[in-house]
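A.B. asks: Below: sequence and its predicted model.
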Amino acid sequence: MITRTALTRFQDGFAQALLAPDPAAAPGLAPEIAALARQPGFAVYRNTVMKACIDALQANYPAVARLVGEEWFRAAAAIFARGHLPEQATLMHYGEAFAEFLVRFEPAAELPYLPGVARLDRLWTESHAAQDESALAPTALAGLAPEALATTVLHPHAAARWSWFADQPIYTIWQRNRETPDDEREIEWYGEGALLARPRGVVQWRQLDAGGCAFLDACADGRPLNEAADATLEIQKDADLARLMKALLDAGAFGRMSRFRNDAPTEAQP
Amino acid sequence: MTAVLTAGLGLKPQHYEAALACPAEGLWFEVHPENYLVAGGPRLAWLEAIRARHPVSLHSVALSLAADATLDSTHLARLAALADRIQPALVSEHLAWSTWRGAYHPDLLPFPRTTAALQRLTENIARTQDALGRRIAIENPSHYLRIDGHEWDEIDFLAELARRTGCGLLLDVNNVYVGANNLDYSAEIYLDAFPGDLVMEIHLAGHTPDPNLGQTLLVDSHDAPIAPEVWALYERVVRRIGPRPTLIERDDNLPEFAVLLAERDRAHALLRAPLAAAA
């Protein structure tokens, strides 16, 4: 059995009491920590930790917060924070599990689109903080012969993020809550996807259909354009591939291109 | 050319434009590096733009130096990479812990000042300074709790850390005021005993009374103007130890940039005044 030092015991107890519903009565708490937790000043630490976590979640999930209102959001965030303290100090990255938490959060059951909106908020943060990379120029594919084009691999830009939501207009809901909150037009209820990218400066976003998301998924897997095209057409038979690729290139969705090399010998030999 | 740092401001995203353009003499900016530990993007670009115009200090809040654990080497490496990129004028941390068993508690948590804690801090500060290749300043904390088991007086503890590691100190005058109020000791006696030659930087901030307990429990909230009593203590310190780079900390309830700049100008004038002893 490993003996804990006095400082370790202090920090174990203090950390436990910080999050316990009734700190002075937390089960198994050492008497000296319980005594600390009974001092009025202990609440300052409890409040500061919770406030910082909740503030960070509110900053990281602005569309969710706007949809449900500040009071509801902060109450939900407090419950989340008690179960999921940040794993790192860069609080911009805090809340990775928040969308999943909302899926199972009973008070959110009447708002089935909330987890999807949270996922887009999360993708925004990922895009915002991703590595800098220059975007592939929209003209990069011009002049390539069809057979060269077929074996070209387009690599998604470091800051490109996309997601398809089959059942809900998540993009429209998210986009309105991020940038046009006064838009009160009726939202048509069908599946929607989104592309977020940061070709230069700040994050930009646009709607992306299922075929476009499948195309990017294939590119991210390192598949050549002919296979990415097949993946798109499989999902969306009427997809306009030329238009889709132009839209993706214009959006700065790709960082670089390479020639596909099939190194898997089992596939090379019939 | 080496810029002389007088009084600086905490850099807030809301104030980027005004901060970037501000021509005030001796002005510098301080940031929490944790907010910039990202792979890329506009945040880092902004910090670099500010750095191209003004000296920048990295005031770390999350190394968790007082945790009874070895430092998170990934976090430390990221901090070192940021410091390489930004070339800060100063780097500082707190006499506190925050990360414990993989969970980050976003606060500066207290501990009993024992010889064992001193040893752990010595190792962690030395490792930080090795990773950064520079001397850092350690900040005196605010106090809200009477903790049994202190083996060391706080000032002796800080001075011993400096002796063992070569680190400097960051004197937060508001923390002294808040702690003296909450734990009932004399801020003047504390400040007069603080080793002036180790002070690399001074912090000033506002505090607020606890909503339930009022003046008996002041909270180092960084959401209000600096109190007159804290200004008076600051003057006392500067008169005794001479001018030091001084930061106005404001993290919440942010006013216009001009309001913060006025507080900064007050500290700047004080640092420039003849009453400041020769450093």
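C.D. replies: Right, received. Where do you want to start? Numbers count the residues shown, from 1 in each chain, chains lettered A, B, ... in the order given.
A.B. asks: Tell me where the stretch 101-250 of chain B has strands.
C.D. replies: Taking DSSP state E, counting those that start in this stretch as the test, the strands found in the stretch 101-250 of chain B are B:103-109, B:137-139, B:168-172, B:199-205, B:208-210, B:214-219, B:246-249.
A.B. asks: Buried deepest among those strands, which one?
C.D. replies: strand B:168-172 (a mean of 26; mean count of other Cβ atoms under 10 Å in any protein chain shown). In short, each C-beta sits where N, CA and C put it, glycine included.
A.B. asks: is chain A contacted by it?
C.D. replies: No. Counting by Cβ under 8 Å from any Cβ of the partner chain, chain A has no neighbours in strand B:168-172; the shortest distance is 15.7 Å.
A.B. asks: If you count contacts, what does that strand end up packed against?
C.D. replies: strand B:137-139, helix B:154-165, strand B:199-205 (3 or more Cβ pairs under 8 Å, 6 or more residues apart in numbering or on different chains; DSSP states H and E).
A.B. asks: Let me have these in a markdown table, adding mean pLDDT and distance to chain A as columns.
C.D. replies: Formatted as a markdown table, the helices and strands packed on strand B:168-172 follow (pLDDT from 0 to 100; distance: least, Cβ to the nearest Cβ, whole Å):
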| stretch | mean pLDDT | distance to chain A |
| --- | --- | --- |
| strand B:137-139 | 98 | 16 |
| helix B:154-165 | 98 | 14 |
| strand B:199-205 | 98 | 14 |
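A.B. asks: you'd agree residue B:272 is up against residue B:6?
C.D. replies: Yes. Between residue B:272 and residue B:6 a contact is recorded at 6.6 Å, counting by Cβ atoms under 8 Å.
A.B. asks: where do the contact lists of the two overlap?
C.D. replies: B:26, B:243 (Cβ atoms under 8 Å, 6 or more residues apart in numbering or on different chains).
A.B. asks: ok, the two, which is more surrounded?
C.D. replies: Higher neighbour count among residue B:272 and residue B:6: residue B:6, with 22 against 15, using other Cβ atoms under 10 Å in any protein chain shown.
A.B. asks: where's the more buried one relative to residue A:142, distance?
C.D. replies: 56 Å (Cβ to Cβ, to the nearest Å).
A.B. asks: With residue B:58 instead?
C.D. replies: Counting by Cβ to Cβ, the gap from residue B:58 to residue A:142 is 46 Å.
A.B. asks: Neighbour count: those two, which is higher?
C.D. replies: Between residue B:58 and residue A:142, residue B:58 has the larger neighbour count (other Cβ under 10 Å), namely 23 against 7.
A.B. asks: In PDB, please show the C-alpha coordinates belonging to the helix or strand that one falls within.
C.D. replies: Here residue B:58, judged by DSSP states H and E, is contained in strand B:56-59. What follows is strand B:56-59 as a C-alpha-only set of coordinates in PDB (Å, rounded to 0.1, in the frame of the first residue of the first chain):
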ATOM      1  CA  VAL B  56       4.000  41.400 -22.900                       C
ATOM      2  CA  SER B  57       4.100  39.500 -19.600                       C
ATOM      3  CA  LEU B  58       2.900  35.900 -19.200                       C
ATOM      4  CA  HIS B  59       1.000  35.400 -15.900                       C
END
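A.B. asks: ok, it: who's next to it in the sheet?
C.D. replies: Strand pairing for strand B:56-59, determined by DSSP bridges: strand B:29-31 (parallel), strand B:90-94 (parallel).
A.B. asks: circling back: between the helices and strands packed on strand B:168-172, which one is closest to residue A:98.
C.D. replies: strand B:199-205 (30.8 Å; Cβ to Cβ).
A.B. asks: Alpha carbons only: can I get the closest one in PDB?
C.D. replies: Taking C-alpha atoms only, strand B:199-205 is exported to PDB below (Å, rounded to 0.1, in the frame of the first residue of the first chain):
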ATOM      1  CA  VAL B 199      10.100  41.800  -6.200                       C
ATOM      2  CA  MET B 200      10.100  41.600 -10.000                       C
ATOM      3  CA  GLU B 201       6.500  42.800 -10.500                       C
ATOM      4  CA  ILE B 202       3.600  44.300  -8.500                       C
ATOM      5  CA  HIS B 203      -0.100  43.600  -9.000                       C
ATOM      6  CA  LEU B 204      -3.000  45.900  -8.100                       C
ATOM      7  CA  ALA B 205      -6.600  44.900  -8.400                       C
END
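A.B. asks: Pairing partners for that strand, with directions?
C.D. replies: Counting by DSSP bridges, strand B:199-205 is paired with strand B:168-172 (parallel), strand B:246-249 (parallel).
A.B. asks: Let me know the next secondary structure element after the last one.
C.D. replies: Moving toward the C-terminus from strand B:246-249, the next helix or strand (DSSP H and E) is helix B:257-272.
A.B. asks: which helices and strands does that next one pack with?
C.D. replies: strand B:7-10, helix B:16-21, helix B:228-241, strand B:246-249.
A.B. asks: Now do the same for that helix: mean pLDDT, whole number.
C.D. replies: Helix B:257-272 comes out with an average pLDDT of 96.
A.B. asks: Make a markdown table out of the strands of the stretch 101-250 of chain B and add distance to residue A:69.
C.D. replies: Shown next, in a markdown table, are the strands of the stretch 101-250 of chain B (distance: least, Cβ to Cβ, whole Å):
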| stretch | distance to residue A:69 |
| --- | --- |
| strand B:103-109 | 24 |
| strand B:137-139 | 37 |
| strand B:168-172 | 37 |
| strand B:199-205 | 31 |
| strand B:208-210 | 26 |
| strand B:214-219 | 27 |
| strand B:246-249 | 31 |
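A.B. asks: closest to residue A:17 out of those strands?
C.D. replies: strand B:103-109 (10.9 Å).
A.B. asks: buried stuff in stretch B:182-192?
C.D. replies: For stretch B:182-192, a neighbour-count test (16 or more other Cβ atoms under 10 Å in any protein chain shown) marks B:182, B:187, B:190-191 as buried.
A.B. asks: hmm, who's touching that stretch?
C.D. replies: A:41, B:142-144, B:146, B:154-155, B:171, B:173, B:176-177, B:179-181, B:216-218, B:233, B:236-237, B:240.
A.B. asks: Would you show me how to pick out the buried ones of those in PyMOL?
C.D. replies: Burial among the contacts of stretch B:182-192 is assessed by 16+ other Cβ under 10 Å; the matching PyMOL selection reads:
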select buried, (chain A and resi 41) or (chain B and resi 142+143+144+154+155+171+173+176+177+179+180+181+217+218+233+237)
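A.B. asks: In the stretch 101-250 of chain B, what residue comes closest to chain A?
C.D. replies: Residue of the stretch 101-250 of chain B nearest chain A, by Cβ to the nearest Cβ: residue B:144 (3.0 Å).
A.B. asks: For that residue, give its distance to residue B:273.
C.D. replies: 34 Å.
A.B. asks: do residue B:12 as well
C.D. replies: 28 Å.
A.B. asks: Point out where chain A drops to low pLDDT.
C.D. replies: For chain A, the stretches flagged by pLDDT under 70 are A:1-2, A:263-270.
A.B. asks: ok, now which ones touch residue A:130?
C.D. replies: Contacts of residue A:130 by Cβ under 8 Å, 6+ apart are A:158-159, A:198, B:39-41.
A.B. asks: Correct me if wrong: residue A:70 contacts residue A:55.
C.D. replies: No. Using Cβ under 8 Å, residue A:70 is not in contact with residue A:55; the gap is 11.2 Å.
A.B. asks: more neighbours, those two?
C.D. replies: A direct count of neighbours by other Cβ under 10 Å for residue A:70 and residue A:55 places residue A:55 higher, at 16 against 10.
A.B. asks: Mind listing what's buried along the host helix or strand of the more buried one?
C.D. replies: Element membership of residue A:55, judged by DSSP H and E, is helix A:42-60. Within helix A:42-60, the residues that count as buried by 16+ other Cβ under 10 Å are A:42-46, A:48-58, A:60.
A.B. asks: Which strands and helices lie in contact with it?
C.D. replies: Counting by 3+ Cβ pairs under 8 Å, 6+ apart, helix A:42-60 packs on helix A:6-19, helix A:70-83, helix A:114-129, strand B:103-109.
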